[in-house]
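Trainee: sequence plus predicted model, see below.
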Amino acid sequence: MTSIIQNIVRQFRFQGEFIFIERFGNGHINGTFAVYFKTRTNHPVRYILQIINTNVFKRPDQVMSNVNEVTRFLKAKITEAGGDPMRETLSPILTQDGKLYYEDKNGSFWRAYTFIDDAACYETITSPELFYKVGKAFGKFQNMLADFPVDKLYDTIPRFHDTVKRYEDLEAAIAADPKKRAASVKDEIEFVRERKADCGVVLELIEKGEVLRRVTHNDTKLNNVMIDNKTGDGICVIDLDTVMQGSALYDFGDSVRFGASSAAEDEPDISKVYMDISLFDEYTRGFLKEVRHSLTQGEIDHLAFSAKLMTLECGIRFLTDYLNGDLYFKTTRPRQNLDRARTQFKLVADMESKMDKMNAIVHRYAGM
Ligand code: ADP
Ligand code: GN1
Ligand code: MG
């Protein structure tokens, strides 16, 4: 272990004697490590150690304040319901001086969590039942936060799901074209421009009060929920960095975007990519089982549309990042962001052709 990492590990109140550290998980934003310790019982214990991406999160102190408030609130709710507060939400490990994060000499911000054991994050859906359970987990998460005092939350990424702004950011990247890539993605740009009118739909509904502002997760990707190895239930919603005021539509839509796809988010062969309607059905069943009583008619009527909108928005973000030279999302190969954008646009087109079916499914489960 290099002395740099050694120094960072020493800053946190981990139990036991350090054994080793390894890179962990597949998030696109933060740097995640598992750190292993030997304890007196000789049973190794591991923790999650993360370097917060300050290119994405300009105020890591505010991110950690949100995480602290939200996890404390959730722990009380989980305990009240007879659950396990150490397993059903994140538990930050404090630094030696009792802080939620450590700032190192280079100005990097580190934080740590207990490791949720006997559970796993999935990168693809392995059975329809799994996606039903993921839907339930995110629905339950929204319910538990329904009475969270929203004024305690910072906007960790302002206008995060403002699709109109995302569209404008894309136009700005096309105009600046710093890597001279715009000419090679004319079809993708055209695809987005044809859908400009879609971008403001949910924002307008929020303005009109037909869709409510709620405390939501805002990044409801499949690998942001931990699945219990024994029961197969969605045991713990993680990656709480973007929990802030949002819409139920964002959480529903973003889950469908990732989990109902037939292929990986960066699949280069888009002929393999489509939206699996049976997986859409499963997720909708799980999510609405938890939240259908609290949703407005305006929300129910736009759930299917939101799956398309969140997919379009994410595609716009990947394309923008590709044009800007891959500065935001982690990449492991050239053109990965372009491949990601293309899969999203293929999904959007597929959802457009299935929109009637998707709406019928939503209304069936909403009316149960
Ligand atoms: P990112 O913002 O980069 O997506 P995440 O907080 O989602 O970072 O963490 C990345 C991955 O690390 C997750 O997808 C999950 O596999 C793993 N992970 C994060 N927190 C925990 C935890 N407390 N216990 C076990 N695994 C975790
Ligand atoms: C990022 O952090 P991660 O990998 O869970 C991104 C999401 C995107 C997603 C696309 C803070 O999620 O908004 O939808 O990648 N998170 C942030 O896979 O920008
Ligand atoms: Mg994540």
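Mentor: Done, it's in. Ligands and ions are numbered 1, 2, ... in the order given.

Trainee: report the buried residues of stretch 186-201.
Mentor: Buried positions in stretch 186-201, judged by neighbour count with 16 or more other Cβ atoms under 10 Å: 188-189, 191-192, 195, 198-199, 201. Bear in mind the C-beta positions are built from the backbone N, C-alpha and C, glycine included.

Trainee: what of stretch 203-214?
Mentor: So for stretch 203-214, counting by 16+ other Cβ under 10 Å, buried means 203, 205-206, 211, 214.

Trainee: how about the helices in the stretch 101-250 of the chain?
Mentor: 128-144, 163-176, 186-193, 201-208, 248-259 (DSSP state H, counting those that start in this stretch).

Trainee: put the alpha carbons of the next helix or strand after the last one into CSV.
Mentor: Spelled out, it's helix 248-259. Downstream of helix 248-259, the first helix or strand assigned by DSSP states H and E is helix 277-291. The C-alpha coordinates for helix 277-291 follow below in CSV (Å, rounded to 0.1, in the frame of the first residue of the first chain):
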residue,chain,number,x,y,z
ILE,A,277,-41.6,-4.6,-22.4
SER,A,278,-41.8,-7.5,-20.0
LEU,A,279,-39.1,-5.9,-17.9
PHE,A,280,-40.9,-2.6,-18.1
ASP,A,281,-44.0,-4.5,-16.8
GLU,A,282,-42.1,-6.0,-13.9
TYR,A,283,-40.6,-2.7,-12.8
THR,A,284,-43.9,-0.8,-13.1
ARG,A,285,-45.6,-3.5,-11.0
GLY,A,286,-43.1,-3.2,-8.2
PHE,A,287,-42.8,0.6,-8.2
LEU,A,288,-46.6,1.2,-8.4
LYS,A,289,-47.3,-1.5,-5.7
GLU,A,290,-45.4,0.9,-3.3
VAL,A,291,-46.4,4.4,-4.6
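
Trainee: which strands and helices sit next to helix 277-291?
Mentor: helix 128-144, helix 248-259, helix 336-366 (3 or more Cβ pairs under 8 Å, 6 or more residues apart in numbering; DSSP states H and E).

Trainee: does residue 346 touch residue 269 like I think?
Mentor: No. Counting by Cβ atoms under 8 Å, residue 346 sits too far from residue 269 to count as a contact (10.3 Å).

Trainee: okay, these two: which has more neighbours?
Mentor: Just comparing residue 346 and residue 269: by other Cβ atoms under 10 Å the higher neighbour count belongs to residue 346, 23 against 10.

Trainee: contact partners for the more buried one?
Mentor: 270, 273-274 (Cβ atoms under 8 Å, 6 or more residues apart in numbering).

Trainee: out of those, which is nearest to residue 34?
Mentor: Taking Cβ to Cβ as the measure, residue 34 sits nearest to residue 273 out of the contacts of residue 346, at 31.3 Å.

Trainee: so what's the residue in the stretch 51-200 of the chain that ligand 3 sits nearest to closest to, chain neighbours aside?
Mentor: Residue nearest to ligand 3 within the stretch 51-200 of the chain: residue 121 (8.1 Å; Cβ to the ion). Spatial nearest neighbour of residue 121, chain neighbours left out: residue 223 (4.3 Å); criterion: Cβ to Cβ, 6 or more residues apart in numbering.

Trainee: same question for residue 248.
Mentor: Spatially, and ignoring its direct neighbours in sequence, residue 248 is nearest to residue 299 (5.5 Å; Cβ to Cβ, 6+ apart).

Trainee: likewise for residue 213?
Mentor: residue 245 (5.3 Å).

Trainee: looking at the stretch 51-200 of the chain, what residue ends up closest to ligand 2?
Mentor: Nearest residue of the stretch 51-200 of the chain to ligand 2 (Cβ to the nearest ligand atom) works out as residue 56 at 5.5 Å.

Trainee: isn't residue 125 up against residue 259?
Mentor: Yes. Shown here, residue 125 and residue 259 form a contact pair, counting by Cβ under 8 Å, at 5.4 Å.

Trainee: mutual contacts of these two, please.
Mentor: With Cβ under 8 Å, 6+ apart, residue 125 and residue 259 have common neighbours 131, 222, 279.

Trainee: so which bits of the stretch 1-150 of the chain are right by ligand 1?
Mentor: Residues of the stretch 1-150 of the chain found near ligand 1 (Cβ under 6 Å from any ligand atom) are 24-30, 32, 48, 90, 113, 115-116, 121.

Trainee: nearest to residue 67, out of these: which one, please.
Mentor: Once Cβ to Cβ is applied, the member of these that ends up nearest residue 67 is residue 90, at 6.9 Å.

Trainee: what about that closest one, distance to residue 98?
Mentor: Noted for residue 90: a distance of 18 Å to residue 98, by Cβ to Cβ, to the nearest Å.

Trainee: done for today, thanks.
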